[in-house]
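Visitor: Provided below are the primary sequence and the corresponding predicted coordinates.
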Amino acid sequence: MTGAEFKWVAGGCHCRAVRFEVALPEVSEAHSCNCSMCARTGYVHLIVPESRFRLVCGEDQITTYVFNTGVAKHTFCKACGIKSFYRPRSNPNGWSINARCLDEPVAMDLSAFDGQNWESHADTLAHLSEDGA
């Protein structure tokens with residue numbers, strides 16, 4: 001896809017201390033995960049390459065949580081606790097955006113992801129942080 005086929009969409013945390021923009025195609029591939037983190041928070045993943053994400057403000061308001069392998073960098077707003085994006089283990093060179101934290105609804109092709117058995121399925125997500133995805 002060329003850059004012209006993407007639309008920049010704004011989003012952020014609940015208190016608006018952390019704000020970002022993400023370039024999305026007309027219909028985004030999205031995933032609902034059943035892992036211990038995502039199931040508890042209702043996170044809906046839109047995984048994008050580094051080039052299609054930009055932090056607009058609030059870098060000083062972000063705190064990071066890591067567990068297990070330490071590869072995923074779960075970022076949260078220090079003020080309101082919302083996780084609007086993070087560096088995923090499946091795509092450490094990209095970002096996972098929480099579709100529920102976007103300012104406007106976007107068209108998504110939503111599918112389930114078995115994060116409880118992550119090691120068996122992680123390769124199905126690996127392509128999403130490539131610039132051609």
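Guide: Nice, I can see it. Because the structure is predicted, anything quoted here is derived from the model rather than measured.
Visitor: where exactly do the helices run in the chain?
Guide: In the chain, the helices defined using DSSP state H lie at 36-41, 118-121.
Visitor: mind listing residues that contact the shortest one?
Guide: I take that to be helix 118-121. 35, 89, 90, 113, 114, 115 (CB atoms under 8 Å, 6 or more residues apart in numbering). Bear in mind the C-beta positions are built from the backbone N, C-alpha and C, glycine included.
Visitor: show me what counts as buried in it.
Guide: Buried residues in helix 118-121, defined by neighbour count with 16 or more other CB atoms under 10 Å: residue 118.
Visitor: that older thread, quick one: buried ones out of the contacts of helix 118-121?
Guide: The neighbour-count test (16+ other CB under 10 Å) marks 89, 90, 113, 115 as buried among the contacts of helix 118-121.
Visitor: surely the last one is in contact with residue 35?
Guide: Yes: taking CB atoms under 8 Å as the contact criterion, residue 115 and residue 35 are neighbours in contact, 2.9 Å apart.
Visitor: now the contacts of helix 118-121 in CSV, with distance to residue 128 and pLDDT?
Guide: Formatted as CSV, these follow (distance: CB to CB, whole Å; pLDDT from 0 to 100):
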residue, distance to residue 128, pLDDT
35, 16, 86
89, 13, 87
90, 8, 86
113, 11, 86
114, 16, 77
115, 14, 80
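Visitor: I appreciate the help and will end here.
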